[in-house]
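Novice: One predicted model, sequence on top.
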Amino acid sequence: MSFPEVQRLVFKNNPLINVICQLRYPQILNIETDVPSSFQNLIRDIFPEYHLKQEISEEFTSGISPNNQRDITFSTSSSKIHEFVSIDNNSSVHLTKSSLSISAKIYTEWAIFFNAFKSICDSFCSIYNPAFISRIGLRYINVFDRSKLGCSDTNWGDLLNSSILGLLSSEIQDSIVSCASGYVIKLDNDSGSLCKLSLSTVKHIESGRDCLKLDNDFYCPIKSDFKDVFLKLERLHNQSTRIIPWVAKDKLISAMNPI
């Protein structure tokens, strides 16, 4: 399936809170064991701050022992995350032994974000030269806050497509305390690309008012040569621009103030 083609819209009241682009690749062990100083030197003008973080993974395994007793094993592992942060604290680059990503909290236009990511990828490839790319991902996280959009007294069913809302557009919507729904959608192309579309209720941190989070993760899980990454990324972006016009009704489109 491909989402319906629509005119690309840019909103003054943009619900977008984060954009993330990520590449995954076979593990490069010296990213874990060495300080990535050469990589930092190439991106330091734009991302001068550096933080070292640890990612903790937990794994449970269970089975039946030879004497028919249940056997449960718990294990943990950690890996390094090298984080490089921009001067304005809006964007950050994360480098691990198996992934490279850039995220932006303020997103103005695709061309700026794309060019920044491409520059980072070129710097990364010049040093680490991954054998191939195992996953290309482009993720947009939106939060719809009715109060901020001037729609405080409006039901969600008058703002968003009932296909995505489910019970939130039904007669029992006022009784729903929380919800979370998710779909994995095959995109209509030959690249094997998919979209993981998730909708969930969230609370505004300060006021506690009810909001909806729409999380769109477009990705290609097929092995790719590095030279093909950016063409595939452009195709994922083309699909991503169709989501908001598809899920939003006219009243919400108007409230977001297209420019």
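Specialist: Happy to help now that I have it. Numbering: from 1, shown residues only.
Novice: The closest residue to Met256 other than its chain neighbours - how many residues pack around it?
Specialist: Closest residue to Met256 apart from its sequence neighbours, by Cβ to Cβ, 6 or more residues apart in numbering: Phe11 at 4.0 Å. No exception for glycine: its C-beta is placed from N, CA and C like everyone else's. When counting by other Cβ atoms under 10 Å, one arrives at 16 neighbours for Phe11.
Novice: what's near enough to touch Phe11?
Specialist: By Cβ atoms under 8 Å, 6 or more residues apart in numbering, the residues touching Phe11 are Ile244, Met256, Asn257, Pro258, Ile259.
Novice: In helices only, show me those residues.
Specialist: Ile244 (DSSP state H).
Novice: since we're on Leu29, how many residues are nearby?
Specialist: For Leu29, using other Cβ under 10 Å, the count is 8.
Novice: That one is in contact with Lys97, isn't it?
Specialist: Yes - Leu29 lies in contact with Lys97 (Cβ atoms under 8 Å); the separation is 6.3 Å.
Novice: Ile253 is in contact with Leu9, isn't it?
Specialist: Yes - Ile253 is within contact range of Leu9, at 7.3 Å (criterion: Cβ under 8 Å).
Novice: returning to what we had before: now, of the contacts of Phe11, which are buried?
Specialist: For the contacts of Phe11, burial is judged from neighbour counts taken by 16 or more other Cβ atoms under 10 Å, and it is met by Ile244, Met256.
Novice: quick one: which of the contacts of Phe11 is nearest Arg146?
Specialist: Taking Cβ to Cβ as the measure, Arg146 lies nearest Met256 of the contacts of Phe11, at 11.7 Å.
Novice: where does the stretch 101-250 of the chain have low pLDDT?
Specialist: For the stretch 101-250 of the chain, the stretches flagged by pLDDT under 70 are 189-190.
Novice: mind listing the strands for it?
Specialist: Taking DSSP state E, counting those that start in this stretch, the strands of the stretch 101-250 of the chain run over residues 135-144, 180-186, 194-203, 210-220.
Novice: Dump those to TSV, plus distance to Ala248.
Specialist: Converted to TSV, these look like this (distance: least, Cβ to Cβ, whole Å):
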stretch	distance to Ala248
strand 135-144	9
strand 180-186	17
strand 194-203	12
strand 210-220	9
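Novice: which one of those lies closest to Glu55?
Specialist: strand 135-144 (16.8 Å).
Novice: helices or strands next to that closest one in the packing?
Specialist: strand 16-24, strand 210-220, helix 229-240 (3 or more Cβ pairs under 8 Å, 6 or more residues apart in numbering; DSSP states H and E).
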